[in-house]
Structures are given as C-alpha cells and as structure tokens.
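structure for the following, please:
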Amino acid sequence: MNAASIFPITYDDPGRNEWERHQDMIQAVRALYLVSSAAAQLGRSGLEVTASQWHGLLECTRRARAVIDQADVMDASGLCRTLRELVLVCEEILEQGAPGMCSPSLWRSAGRIGREAYECAEGSITGAST
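So this is what the prediction gives:
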C-alpha cells in the first residue's frame, strides 16, 4: 500500500469549498496517523523502522503539509491545529535523516500528537468537538 492509495485527495484544486477542504484535512490526519503511529511504535522501542515505512511517513507528511498550506491561515479549529502539530513533529523526525537517529521521546510525541489529531478528526465527523 502506498501513500497515494490511503490518501487519494485532490488538495491542490483551488476551487474546493470549505466542506471539501475539511474532508481533505480529515483524510490527511487519518493517513498521517496511520503511518506515523506504526513507525512511532517501532521507533520509541528502539526497533527498526523499515525503508518503506520511512517513505510512507515522508509522503504522508508532504501531502498533509500541502493540505494545511491550502487551509485558511487563520483556521484555529482543533482539527487544523492538531494536524499542524502532527505535521511539525513528523517533519522533525524526517529532518533527523534516519529512523535510528530519532530519540524515543520524539517518537512518543509523534504517537501522542497523532492520537490527539485522530480523535479530533473523528470528533469533527460525529460532531463531538473540534
């Protein structure tokens, strides 16, 4: 499974309305949460993150970055905020250059922020809280 198959959105279309952009954000959270949490489970335990997992993290982070870059800069919703936080921690992990170079605490942060973002995305679907 590649990043495009779990993240099939057209986030670069400027004609997308607010609801469509919100759905893009939900898809971005889900995809990035899926790959980042899998890598974080391994990384925080000092286990090897495979090259394909690393590549998936890179691709989903790039796609999520594109979604939030398309979002309204002033969007302060919980969903947008948590997606931004997740992208930032994933970018920090990727900047380390290799999975083994990341500290366990950074991997734990990715797992925690990922769970928060996922809960926020699911809450925005059910109408709980954003």
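
the chain: helices as residue ranges?
3-6, 18-43, 51-70, 78-95, 104-126 (DSSP state H).

switch the ones you listed over to a markdown table; also include mean neighbour count and mean pLDDT.
Every residue, glycine included, has its C-beta placed from N, CA and C. Output for those, formatted as a markdown table (neighbours: other CB atoms under 10 Å; pLDDT from 0 to 100):
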| stretch | mean neighbour count | mean pLDDT |
| --- | --- | --- |
| helix 3-6 | 14 | 50 |
| helix 18-43 | 21 | 89 |
| helix 51-70 | 19 | 92 |
| helix 78-95 | 20 | 92 |
| helix 104-126 | 18 | 88 |
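
so who does the most centrally placed residue in the chain touch?
Nearest to the geometric centre of the chain sits Leu32, at 3.1 Å (CA atoms, centre = their mean). By CB atoms under 8 Å, 6 or more residues apart in numbering, Leu32 lies in contact with Cys60, Thr61, Arg63, Ala64, Leu83, Leu86, Val87, Cys90, Gly114, Ala117.

and the gap between the third one and His55?
In this case it means Arg63. Distance, Arg63 to His55, using CB to CB, to the nearest Å: 13 Å.

for the last one, same thing?
Relative to His55, Ala117 is positioned 21 Å away (CB to CB).

how about the fifth one?
Distance, Leu83 to His55, using CB to CB: 21 Å.

now Ala117: closest residue in space that isn't a chain neighbour?
Residue nearest to Ala117 in three dimensions, not counting chain neighbours: Thr82, with 3.8 Å by CB to CB, 6 or more residues apart in numbering.

so the one you found sits against Cys120, correct?
Yes. Between Thr82 and Cys120 there is a contact at 4.7 Å, judged by CB atoms under 8 Å.

okay, and the common contacts of those two?
By CB under 8 Å, 6+ apart, the residues touching both Thr82 and Cys120 are Val29.

out of the contacts of Leu32, which is nearest to Thr50?
Ranked by distance to Thr50 (CB to CB), these are led by Cys60 at 14.9 Å.
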